[in-house]
Structure formats: structure tokens, C-alpha cells
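Student: Everything below, folded, please.
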Amino acid sequence: MKNYKLLFWIALIIANMMGCGNPQQNSQNNNKSDTTSIQTSTKKPEMITQKIIPSLWVETKNAKAVADYYLSIFKDGKLKEHHQYKNPPEAGGGDFETAIIEINGIEFNILAAGPFFKFNESVSFVINCKDQAEVDYYWNALTANGGQESSCGWCKDKYGLSWQVVPVEYFDLINSDDPKVKEKAMKNTLKQKKLILSELK
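Tutor: Prediction:
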């Protein structure tokens, strides 16, 4: 029962943070909230403009470390917000953190609330790479330090999140009007972990 209370409070925090544009101001104006922020970033939160934001629940409780990890891989990204929260006793106590990062113009919410759920391959993110060098970079970065190679261009990062690292030319090959080109690309895909474009052509 304690876990369900914790999940309720975390969901409430995320709903407030994602839907209200300025979480810091709203938390100051709403004295009825039982969940209090024990530390927030000094940077003024930006208005939320993205209609749908992927939310990633990681098993750690350090959202800043998770944000730093992804921003070290995706060099054009930035940290937009970072908050730390303390649950009230009736929610089971304990702390959790949130962060918002932006990568390639897309916002991701990071919820670092401990080991309640695990990622699986039913949700993954595709990285469209311009060439083999870019495929190599992202594959190596994501599978290093606890990541995991899978097959057919799939891998997992150290938090267990699944990625598909794909050269954009690959889609031309598997959707080619030439049956031989298409068949070779499809068959060789099944033999590979990281996609090697030269072996698919």
C-alpha cells in the first residue's frame, strides 16, 4: 500500500510540473500541496510548449546524473530544469528528483524515483544517423559503461532504455523497389548487432 501512495504523490508532482508551465511559481502559490520541493534549480523555468513529452522513470534517484549522462551523448542537448522533492510521511517518505532535458528540440522528462519499474523493448527511440560514422558514435556511446548490444540495430543504454541506431540510407534499402536489394538488406540485418551499412548494400 505504501508503494501506491508513493506513486500517487509522484504522479501528482509530475502532473503539476508538466501541465502548469511554471512549476516553481505554482508551488509557491499553492499552499495546499503536501509534497514539498526541497531544492529547485536557480534558473527560471521556461514555458512548456511541447504538447506531448516522453517521461522516463529511471531506477536511480539522481535525476541530475541521468540528465548529465544523456547530455554527454547528445551534444546539442541542454538541461532545462532540475528539482528535488521530499515525500510526506503519509506517502511513505523518501526523496525523488525530476529533470527536463531538451535533445534535438525534443523535451524529455526524467523521473528519478527508485526501482519500481523497468524499461523494456516495447518502447524505444530511433536515432536517424546520417552515415556509418554517426552510427558508430551513438552505438559506442550508448553501449559503453553498462549498456548492452542487442541485434538488428537495437541496443540498451546503462539505464536499460532501448535505442534503435539506424543510418537513414537503411530505410531506402529495405524499402527498395529492387527485390534483390531489399532481400539482401533484410537478410543481413538479421546477422548484425550494430548496423553496418556497407554489408547491407
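
Student: Could you measure from the one residue sitting closest to the centre of the chain over to Thr189?
Tutor: The geometric centre of the chain, computed from its C-alpha atoms, lies nearest to Leu56 (CA atoms, centre = their mean), at 5.1 Å. Distance, Leu56 to Thr189, by CB to CB, to the nearest Å: 27 Å. No exception for glycine: its C-beta is placed from N, CA and C like everyone else's.

Student: Now do the same contact list for Lys158.
Tutor: 69, 144-147 (CB atoms under 8 Å, 6 or more residues apart in numbering).

Student: ok, now Val181?
Tutor: Contacts of Val181 (CB under 8 Å, 6+ apart): 173, 201.

Student: One more pass at 10 Å, please.
Tutor: 172-175, 200-201 (CB atoms under 10 Å, 6 or more residues apart in numbering).

Student: Domains in this protein, by residue range?
Tutor: 2-112, 124-200 (automatic domain parsing).

Student: out of these, which comes closest to Lys118?
Tutor: domain 124-200 (6.1 Å; CB to CB).

Student: and the end-to-end length of the closest one?
Tutor: Domain 124-200 stretches 23 Å from its first residue to its last (CA to CA, to the nearest Å).

Student: Please apply the same query to stretch 194-201.
Tutor: Note: stretch 194-201 ends 15 Å apart using CA to CA.

Student: So for it, what gets flagged as buried?
Tutor: For stretch 194-201, burial by neighbour count (16 or more other CB atoms under 10 Å) applies to 194-197, 200.

Student: just stretch 125-138 next, same as before
Tutor: Those would be 127, 129, 135, 138, for stretch 125-138 by 16+ other CB under 10 Å.

Student: now, which of the residues you listed lie within strands?
Tutor: If you go by DSSP state E, the buried residues of stretch 125-138 have 127, 129 in strands.

Student: Would you convert the buried residues of stretch 125-138 into TSV that also reports pLDDT?
Tutor: Rendered in TSV, the data for the buried residues of stretch 125-138 read as follows (pLDDT from 0 to 100):
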residue	pLDDT
Ile127	98
Cys129	98
Val135	98
Tyr138	98
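
Student: among the buried residues of stretch 125-138, which two are most distant?
Tutor: Every pair of those checked by CB to CB; the farthest is Ile127 and Val135, at 8.3 Å.

Student: Now the common contact residues for those two.
Tutor: 153, 165-167.

Student: ok, Phe108 - contacts?
Tutor: 50, 53-56, 66-67, 70, 74, 77, 80, 99-102, 125.

Student: picking that back up, in TSV, list the shared contacts of Ile127 and Val135 along with secondary structure, neighbour count and pLDDT.
Tutor: Converted to TSV, the shared contacts of Ile127 and Val135 look like this (DSSP: H, G, I helix; E, B strand; the rest coil; neighbours: other CB atoms under 10 Å; pLDDT from 0 to 100):
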residue	secondary structure	neighbour count	pLDDT
Gly153	coil	22	98
Val165	strand	24	98
Val166	strand	19	98
Pro167	strand	22	98
